[in-house]
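> Sequence plus predicted model, see below.
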Amino acid sequence: MKQVVSNEALTFLRNKKKLLFVEQNQTAEETDEENVTPDIEMISPDELHQLISELPDGYRTVLNLYVFEDYSHRQIASLLGIKESTSASQLYYAKKLLAKRIKDLTKGKQ
């Protein structure tokens, strides 16, 4: 059932909504602050869900397939018609943006 729902959702996204996948080069010049894992215990599951839903479509789709559906980058690439490296970079930037938004939200609560 999980596979059917996932496939139907992906078909819908491909047919009704053009997903934008941008290949971005990762730089080695990231600061230590950017690599710090945010404290997610300070936010509620609803807030986390909201932050994920606000991610760009490509980021959110890859993040959901990789983290919640446990697909590999090879499987994601096949499902979405993209390169494995694009899937990996979309996940990287999704996690980076999500971490930044979590940090911003937790700073506002302190």
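It's in.
> The helix-or-strand element of the chain with minimal mean pLDDT: what's the following helix or strand?
When each helix and strand of the chain is scored by mean pLDDT, DSSP states H and E, helix 2-16 comes last, with a mean of 70. Counting by DSSP states H and E, the next helix or strand C-terminal to helix 2-16 is helix 45-53.
> Can I get that following helix in PDB, CA atoms only?
The C-alpha trace of helix 45-53 is given here as PDB (Å, rounded to 0.1, in the frame of the first residue of the first chain):
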ATOM      1  CA  PRO A  45       6.200  18.100  15.600                       C
ATOM      2  CA  ASP A  46       3.600  20.400  14.000                       C
ATOM      3  CA  GLU A  47       6.200  23.100  13.600                       C
ATOM      4  CA  LEU A  48       8.700  20.700  12.100                       C
ATOM      5  CA  HIS A  49       6.000  19.500   9.700                       C
ATOM      6  CA  GLN A  50       5.200  23.100   8.800                       C
ATOM      7  CA  LEU A  51       8.900  23.900   8.100                       C
ATOM      8  CA  ILE A  52       9.200  20.800   5.900                       C
ATOM      9  CA  SER A  53       6.100  21.700   4.000                       C
END
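> in it, what counts as buried?
47, 51, 52 (16 or more other Cβ atoms under 10 Å). To be clear about C-beta, it is placed using only N, CA and C from the backbone, and glycine gets the same treatment.
> And for stretch 83-94?
Neighbour counts over stretch 83-94 (16+ other Cβ under 10 Å) mark 86, 87, 88, 89, 90, 91, 93, 94 as buried.
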